[in-house]
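Asker: Just the structure for this:
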Amino acid sequence: MKGIQSLLNLLLWLCFVIVCGCNNSPPVIIGFSGQLTGKLSDLGVQGRNGAMLAIERINASGGIDGRPLQLIAKDDHNTPEGAIKADKALLKANAVAIIGHMTSSQTIAALPFSMTNGIVMVSPTAASSELSNQKDTLFRVIDETANNSQKLAEYAISALKIKNIIIISDTNNINYSRSFSKTFTKSFEQFGGHVLKNITYSANQSTRWDHVIQTLKNMKPDGIVLVCPAQDAVSLVQRIRASGLKSHILSAGWAYTEKLIQWGGLDVENMIFAINYAADNPKPEFIKFKELYKQRFGSRPNFASAFGYEAVLALAEGLKKTDGSAQGLVEAMAPSNNITGIISDFRLNSSGDAKRNTFIATIQNGKFKTIEVR
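Answerer: Numbers count the residues shown, from 1 in each chain. Predicted coordinates for the structure are as follows:
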């Protein structure tokens, strides 16, 4: 059956290419801006791959008004300067819109350029609450981080009975980290808990993990909240467990990737996450997406690839209204009708933001497992 389906998809695509070739339909150019190299490249590469897969599926179904979509990807190097440079290059390449950026900090850095030039940005994973409820050219398919951090704080108190906690956050993506930490602290203390300390560090600089671990050993918190990428989460958790600390370890969704499990092994078992994505999502569309992604890229998708895919779906809805043109696209994007996503159905509100369920998840036997949906 899979072979037949693949053959049918190929035939559909060939027919589409022939028709487009006969009509000389110019492609609709879509840009992608994200970190494709460096320490956090997993986020950008997965986001780009998800966007690419969505574009291929849309093209196989006829494109936008008979025109194929074409993706051009640029590396923002995870810096404000790189973000603006990448977007300038995409605008010069005649991109009608940009999928990106993948971090809140680079999204905020690039937004003035987007606003000045009237170009739509659809971010898969920029979750900072600082971007919420704004009338601008930015649209997001992920929920704001405040909702997830609040629900993680509620779970820490109600289910884990944690009374005091230490937060460790990476300031390299300061807008996201600050938003998550601030809301978590407020919610956790409203529910009767106490945040003992907020330890910050920069992933771009050499970090004295021994000093961090000594602080944790001295203060002996019931729980530790990590707001950092998977690589740093693994480094911290391994050192925490080696030190003998038995604290519950909770995490923002940033570290919720397959790399965390691959690198962390047994040390990351039983971590708790709050995220708008579930690796074990039973939705048929999500299961199909995982299969297609594995066939196309030879690896399993993560949250960045799923939201990258859905970002293209949201953009395609807007482009259908403008016949693939950038003109009028900002107004066409939001509020949107219901969009059939692979994670869940969603819609963009008048501010271009999506509201999502929060999945509380853990790691058991080397796999992500959803505990509950809030």
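
Asker: Surely Leu131 touches Ser104?
Answerer: Yes. Using C-beta atoms under 8 Å, Leu131 and Ser104 qualify as a contacting pair, with a distance of 6.6 Å. In this view, the C-beta of every residue, glycine as well, is placed from N, C-alpha and C.

Asker: Going by neighbour count, list what's buried in whatever helix or strand Phe368 lives in.
Answerer: According to DSSP states H and E, Phe368 maps onto strand 367-373. Within strand 367-373, the residues that qualify as buried by neighbour count (16 or more other C-beta atoms under 10 Å) are Phe368, Thr370.

Asker: Report all helices and strands that that strand contacts.
Answerer: Under the contact criterion of 3 or more C-beta pairs under 8 Å, 6 or more residues apart in numbering; DSSP states H and E, the helices and strands touching strand 367-373 comprise strand 359-364.

Asker: Now do the same contact list for Thr145.
Answerer: If a contact means C-beta atoms under 8 Å, 6 or more residues apart in numbering, then Thr145 has Ser104, Ala127, Ser128, Ser129, Tyr176, Ser179, Phe180, Thr183, Ala252 as its contacts.

Asker: Leaving out the residues flanking it, which one is nearest to the second one?
Answerer: Closest residue to Ala127 apart from its sequence neighbours, by C-beta to C-beta, 6 or more residues apart in numbering: Thr145 at 4.1 Å.

Asker: so what's in contact with Leu131 and Ser104 at the same time?
Answerer: Taking C-beta under 8 Å, 6+ apart as the contact definition, Leu131 and Ser104 share the neighbouring residues Asn175.

Asker: Return the set of buried residues in the helix or strand containing Glu317.
Answerer: Assigned by DSSP H and E, Glu317 belongs to helix 303-322. By neighbour count on 16+ other C-beta under 10 Å, the buried set for helix 303-322 is 303-319, 322.

Asker: related to what we said a few turns ago, among Leu131 and Ser104, which residue is more densely surrounded?
Answerer: Between Leu131 and Ser104, counted using other C-beta atoms under 10 Å, the more crowded position is Ser104 (27 against 24).

Asker: The more buried one and Ser129, how far apart?
Answerer: Relative to Ser129, Ser104 is positioned 9 Å away (criterion: C-beta to C-beta, to the nearest Å).

Asker: who touches both of these two?
Answerer: Common contact partners of Ser104 and Ser129 (C-beta under 8 Å, 6+ apart): Thr145, Ser179.

Asker: I'd assumed His101 was in contact with Asn173.
Answerer: No. With contacts defined as C-beta under 8 Å, Asn173 does not count as touching His101, sitting 10.4 Å away.

Asker: the more surrounded of those two?
Answerer: Counting neighbours by other C-beta under 10 Å for Asn173 and for His101 shows that His101 has the greater number, 33 against 29.

Asker: For the more buried one, which non-adjacent residue is spatially closest?
Answerer: Of all residues not flanking His101 in the chain, Thr107 sits nearest, at 4.5 Å (C-beta to C-beta, 6+ apart).

Asker: what about the one you found, is that helix, strand or coil?
Answerer: helix (DSSP: H, G, I helix; E, B strand; the rest coil).

Asker: residues touching it, list them.
Answerer: Ala83, Gly100, His101, Met121, Ser123, Ala126, Ser128, Leu131, Leu138.

Asker: distance of it from Phe113?
Answerer: Taken as C-beta to C-beta, the span from Thr107 to Phe113 is 11 Å.

Asker: who's in contact with Gly192?
Answerer: Neighbour list for Gly192: Ile157, Lys163 [criterion: C-beta under 8 Å, 6+ apart].

Asker: what phi and what psi does the backbone show at it?
Answerer: With angles defined as degrees, to the nearest 10, Gly192 sits at phi 110, psi 0.

Asker: pLDDT wise, what is it at?
Answerer: Listed pLDDT for Gly192 reads 97.

Asker: Repeat that for Gly3.
Answerer: As summarised for this prediction, Gly3 has a pLDDT of 49.

Asker: Which parts of the stretch 201-350 of the chain are helices?
Answerer: Listed in chain order, the helices of the stretch 201-350 of the chain (DSSP state H, counting those that start in this stretch) span 209-219, 230-242, 258-264, 284-297, 303-322, 329-333.

Asker: Pull out the buried positions in the third one.
Answerer: By 16+ other C-beta under 10 Å, the buried positions in helix 258-264 come out as Glu258, Lys259, Leu260, Ile261, Trp263, Gly264.

Asker: go on, the last one?
Answerer: For helix 329-333, a neighbour-count test (16+ other C-beta under 10 Å) marks Leu329, Val330, Ala332, Met333 as buried.

Asker: For the third one, give its distance to Gly318.
Answerer: Going from Ala332 to Gly318 by C-beta to C-beta gives 4 Å.

Asker: Just the pLDDT for the closest residue to Arg241 other than its chain neighbours.
Answerer: Using C-beta to C-beta, 6+ apart and skipping residues adjacent in sequence, the residue nearest Arg241 is Asp267, 4.9 Å away. According to the model's per-residue confidence, Asp267 sits at a pLDDT of 97.

Asker: thought Asp267 was touching Val237?
Answerer: Yes. Taking C-beta under 8 Å as the definition, Asp267 is a contact partner of Val237 at 5.0 Å.

Asker: okay, the two: which has more neighbours?
Answerer: Residue environment comparison for Asp267 versus Val237 gives the larger neighbour count to Val237, 23 against 18, counting by other C-beta under 10 Å.

Asker: which residues does the more buried one contact?
Answerer: Leu226, Ile249, Gly264, Asp267, Val268, Met271.

Asker: Now for these: which two are most distant?
Answerer: Longest distance between any two of these is 12.6 Å, between Leu226 and Asp267; criterion C-beta to C-beta.
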